[in-house]
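**Student:** Mind looking at a prediction? Sequence and model below.
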Amino acid sequence: MGRLTKNKKLALEKIEAGKVYSLEEAANLVKDITNTKFDSSVDIDIRLGVDPRKANQMVRGVVTLPHGTGKDVRVLVLCSPDKEEEAKAAGADYVGLDEYITKIKGGWTDVDVIITMPTVMAKVGALGRVLGPRGLMPNPKSGTVTMEVGKAVKEVKQGKIDFKVDKFGIVHTSVGKVSFTPDKIFENAQEFVQTILKLKPAAAKGTYVKSIYLSSTMSPGIPVDLKTV
């Protein structure tokens, strides 16, 4: 490992070896140790004692962060013409159907969330090869396949995120920006952790939450004391 940059070294010195922090302390510290020029996102990593290959231990869900993610979420709504006005009024960035399906088939995926409706799902389903690997495939479970497209757009814009455990048993998501106050980072992180706790699969044996780390885009992870959550 090459020389640590001065900033990284200072950041590492602020995290005491062997110490775990309460979620509230971590929310303060993450602001302290981030020295990027841009407003980095604050991420949380929760390692779970589940086997994600087993369907009955899958942890996935949606959460609305009380203070939003701080990200500008670009939303594409694929809908029938009668729903276009509703989607636009709710703040969708792109609205349409066939022209966007053609663009996506050509490899365009310059959006963060795609919302569609059950009646056009057959057309959207054909895009699985492009959208699946990028995590953009609309899904009724996460509320992105719905007749209420306007409501879905508003929710996503306000900070509703969907998450799922990866193949290593880790759930990773962004809970805000470094420019947020520590309180907002803490409240968003707390909301996310509580959501994960409620989703504990009955089939999961042993320790459910193994570790929690809070970090920003360029910072080392801050270990969170599990007793404080």
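**Tutor:** Structure's in. What do you need? Numbering: from 1, shown residues only.
**Student:** before we move on, what SS does the spatially most central residue of the chain have?
**Tutor:** Geometric centre of the chain, nearest residue: Thr173, 3.9 Å, by CA atoms, centre = their mean. Look at Thr173: counting by DSSP: H, G, I helix; E, B strand; the rest coil, its state is strand.
**Student:** With adjacent residues omitted, what lies nearest to it?
**Tutor:** Distance criterion CB to CB, 6 or more residues apart in numbering; nearest residue to Thr173, sequence neighbours excluded, is Phe163 at 4.9 Å. C-beta: built from backbone N, CA, C; applies to glycine.
**Student:** Would you map the strands across the protein?
**Tutor:** Using DSSP state E, the strands assigned to the chain run over residues 41-48, 60-64, 75-78, 94-96, 113-116, 160-164, 170-177, 209-216, 222-223.
**Student:** Show me where this structure has its helices.
**Tutor:** Secondary structure of the chain, counting by DSSP state H: helices at 6-14, 23-32, 84-89, 98-105, 121-125, 128-131, 149-157, 182-198.
**Student:** So what touches the fourth one?
**Tutor:** With CB atoms under 8 Å, 6 or more residues apart in numbering as the contact definition, helix 98-105 has outside contacts at Leu76, Leu78, Tyr94, Trp108, Lys123, Val124, Ala126, Leu127, Val130, Leu131.
**Student:** For the fourth one, give me its contacts.
**Tutor:** Right, Trp108. Trp108 makes contact with Tyr100 under the criterion CB under 8 Å, 6+ apart.
**Student:** In contact with Ser211, which residues are there?
**Tutor:** By CB under 8 Å, 6+ apart, Ser211 lies in contact with Asp45, Ile46, Arg47, Pro223, Val224, Leu226.
**Student:** with these in mind, which one is nearest to Gly169?
**Tutor:** Closest to Gly169 out of these is Arg47 (6.1 Å), distances taken as CB to CB.
**Student:** Just list whatever residues bridge to that closest one.
**Tutor:** Beta-bridge pairing for Arg47 (DSSP bridges): Ile170, Ser211.
**Student:** I'd say it and Ile170 touch.
**Tutor:** Yes. Using CB atoms under 8 Å, Arg47 makes contact with Ile170 at a distance of 5.2 Å.
**Student:** quick one: low-confidence parts of this protein?
**Tutor:** 1-5, 8 (pLDDT under 70).
**Student:** The same query, at a cut-off of 90, please.
**Tutor:** Residue ranges of the chain with pLDDT under 90: 1-19, 32-39, 62, 71-72, 133-135, 141-142, 158-159, 161-162, 217-220, 228-229.
**Student:** dump the residue contacts of the residue lying closest to Ile196 once chain neighbours are set aside.
**Tutor:** Among residues not flanking Ile196 along the chain, Ile46 sits closest, at 5.7 Å (CB to CB, 6+ apart). Ile46 makes contacts with Ile170, Val171, His172, Val193, Ile196, Val209, Ser211, Ile212, as judged by CB under 8 Å, 6+ apart.
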